[in-house]
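Asker: Pasting the sequence and the predicted model now:
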Amino acid sequence: MSTAPPHGAFGGHGDDTRTQRPLTGLLGGLVSDVGGLIRAEIALARAELAQKAGQAAGGAGMVAAGGLIVFLGAFFLLAAATLALAQVMEPWQAALAVGVVTALIGVVVLLVGRARLRARSLQPHRTLNSLRENKRWAESQLGR
């Protein structure tokens, strides 16, 4: 039994297929890994965007609630408080005072709801950071 390597194992023209097989295997593995990475990134983006959509719905709900509160508050408080304050001041002064206070409360609620709808707060930050990391990793792998 000979322990000598087969012809062409350490050089010559016979080892073209032996060096190409590992290279094609590496490239195939790389393509498979990149495909898996892209699928994982898409799944992460979907999950994060669904979460952000829920936040946007909550913000939109607060804007709607704020609008309703402003309307109802202005209507009922103006009527009730105007009648009560009309006992101690002129009716027009009572209506003005109650209207200003009610409008300020409504503006605060609307501003809080609007802040929750800002585009920056709806960005998929984890996905974007993950994509940046993947880009750096891919660049480092190609630079080897």
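Answerer: Great, that's in hand.

Asker: going forward, measure contacts and count neighbours with C-alpha atoms only.
Answerer: Fine.

Asker: which stretches of this structure form helices?
Answerer: Counting by DSSP state H, one finds helices in the chain at the ranges 16-85, 91-116, 119-122, 125-142.

Asker: Tell me how far the first one lies from the chain's centre.
Answerer: Translated: helix 16-85. Put simply, helix 16-85 sits 4 Å off its chain's centre (C-alpha atoms, centre = their mean, to the nearest Å).

Asker: average pLDDT for that helix?
Answerer: The pLDDT scores in helix 16-85 average 80.

Asker: Which strands and helices lie in contact with that helix?
Answerer: Under the contact criterion of 3 or more C-alpha pairs under 8 Å, 6 or more residues apart in numbering; DSSP states H and E, helix 16-85 touches helix 91-116, helix 119-122, helix 125-142.

Asker: And the residue nearest the centre of the protein?
Answerer: residue 124 (2.5 Å; C-alpha atoms, centre = their mean).

Asker: Next, the contact list for that residue, please.
Answerer: Applying C-alpha atoms under 8 Å, 6 or more residues apart in numbering to residue 124 gives the contacts 45, 48, 49, 52.

Asker: Could you tell me how far it is located from residue 130?
Answerer: Counting by C-alpha to C-alpha, to the nearest Å, the separation of residue 124 from residue 130 is 10 Å.

Asker: Quick one: buried ones out of the contacts of residue 124?
Answerer: Listed as buried from those are 45, 48, 49, 52; burial here means 16 or more other C-alpha atoms under 10 Å.

Asker: ok, those vs residue 135, which is closest?
Answerer: Distances from residue 135 to the buried ones among the contacts of residue 124, taken as C-alpha to C-alpha, are shortest for residue 45 (15.8 Å).

Asker: Wait, residue 60 touches residue 115, no?
Answerer: No: using C-alpha atoms under 8 Å, residue 60 is not in contact with residue 115, being 10.2 Å away.

Asker: Quick check on the two: which one has the bigger neighbour count.
Answerer: Taking neighbours as other C-alpha atoms under 10 Å, residue 60 and residue 115 compare with residue 60 leading, 17 against 13.
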